[in-house]
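Participant: got a predicted structure plus its sequence, pasted below:
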Amino acid sequence: MSGKEEKHPEGRYKVSWYEGGRKRFQDVGQEPDAALAALTRREKTLDALAVGVEVKGEAENKARQTLTSAVAQYLSDTKDTKSKKTAHAYQLALTRFQESCRKTFLDQIEHRDLNPTYIAYLKRQGLSDRTVYNRYLNVVVFLNSYGLTGLGGAKKTWPKYTEKVVAAYEKGELKSLFEASDEHDWMLFKFFLGSGCRDQEVATATWQDLNLSAKVFTVTTKPEWGSSPKDYEERQVPLPDKLLEQLKEYRKKHSTDRLIFQNSSGRPEQHFLRRLKNLALKAGLNCGHRVNKNGLRCDKHAVCENWELHKFRKTFATSHHEKGGIFGPHSAKVAQTFRAGNHYGLPRELGYGDRAGAATGQFEFCRPQLAS
């Protein structure tokens, strides 16, 4: 209101439609995902009725709909309305829920099927506390979309996890990382660092999204690859002159490619994190004492938790927080955007604006010889 964003946790979503000349409403709860799924189902029902297809009464469907059919329908709707990554997360959560829940019909599901049964089942899988929480939330949203609200219980009884501090990369470790890079990885992680983009945004970035004259990169929806910007809002990211010059040179070797960082099949690369961890191991940058759930130690394996893609976003945010960050005067333009509240989707509550630990100063990394 009055130009300021407001949040109202007490609000509820409703789906409305016309039936027999009268406007009807359906309360679909407080979760945006559940509301969107309910809207999609209502649209499909109305489309079916419009062409003469018989649709069973909604009350009858909800009363005795099987868990299996409900999950299949929900996942189909999710694929139509969510990113590939989000749809996959729901698929994992609901598959595990079906494995743990012995109920046949939706109306048989009780609170104890989620807590403690589902939580205990997830923990036996060796999942982290945060992953257990996310899976639990996914199932609650799924149940809410079918009008089964309250089964998750009060949020204070949900799985607990410790929020990790989002750290920034130090100048020295980034210098060593880039010195160990080949041409492709050097340009790839420079782009992560200079744009502050998420992994899927980088994976589906095309040369057409890059406006060299305006010096901006536009994050756009890519339906053919199941990719969309966070909160479905396209945005423009100003890029520093030095990065633009490097991209121009890089494009000379990739003039026929549509994607900036495509794989050998011409499709979006899906292994950025693996590339980063392999590179960190090659550069001797692993801490040496982390052990993953498979028992692999990071002194000899590419499993160090200190190397994550989201840390480039942290470094980007903190280094541009004030004029004179990584890219010098360019940071003033980015800092202005931060102050306006549109900090490229980098939430302040996750500490992306915290300057502590930021790798500030001018970065000039040794560039590998471009392949001929």
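Facilitator: Thanks, I have the structure now.
Participant: from residue 219, how far off is the spatially closest residue to residue 310 that is not a sequence neighbour?
Facilitator: Nearest residue to residue 310, sequence neighbours excluded (Cβ to Cβ, 6 or more residues apart in numbering): residue 166, at 6.7 Å. The way it works is simple: take the backbone N, C-alpha and C, and place the C-beta from them, glycine included. Distance of residue 166 to residue 219, computed by Cβ to Cβ, to the nearest Å: 20 Å.
Participant: between the two, which is the more surrounded one?
Facilitator: residue 219 (25 against 20; other Cβ atoms under 10 Å).
Participant: who touches the more buried one in this structure?
Facilitator: Taking Cβ atoms under 8 Å, 6 or more residues apart in numbering, we find residue 219 in contact with 197, 201, 209, 229, 234-237.
Participant: tell me what it is bridged to.
Facilitator: Note on residue 219: beta-bridge partners by DSSP bridges are residue 235.
Participant: ok, the residue nearest to residue 310 touching residue 312?
Facilitator: No - in this structure, residue 166 is not within contact of residue 312 by Cβ atoms under 8 Å, at 11.0 Å.
Participant: still on that earlier bit, just the buried residues from the contacts of residue 219, in ChimeraX please.
Facilitator: Those of these that count as buried under 16 or more other Cβ atoms under 10 Å are selected in ChimeraX with:
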select :197,201,209,229,235,236,237
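Participant: any chance of the contacts of residue 219 in a markdown table, with pLDDT too?
Facilitator: Listed next are those as a markdown table, based on pLDDT from 0 to 100:
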| residue | pLDDT |
| --- | --- |
| 197 | 92 |
| 201 | 93 |
| 209 | 96 |
| 229 | 78 |
| 234 | 86 |
| 235 | 88 |
| 236 | 90 |
| 237 | 90 |
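Participant: including distance to residue 182, could the contacts of residue 219 go into CSV?
Facilitator: Compiled in CSV, the contacts of residue 219 are given as follows (distance: Cβ to Cβ, whole Å):
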residue, distance to residue 182
197, 21
201, 23
209, 24
229, 30
234, 32
235, 30
236, 30
237, 25
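Participant: name the nearest of the contacts of residue 219 relative to residue 140.
Facilitator: When the contacts of residue 219 are ranked by distance to residue 140 (Cβ to Cβ), residue 229 comes first, at 25.3 Å.
Participant: can you tell me the closest non-neighbouring residue to that closest one?
Facilitator: Closest residue to residue 229 apart from its sequence neighbours, by Cβ to Cβ, 6+ apart: residue 219 at 4.8 Å.
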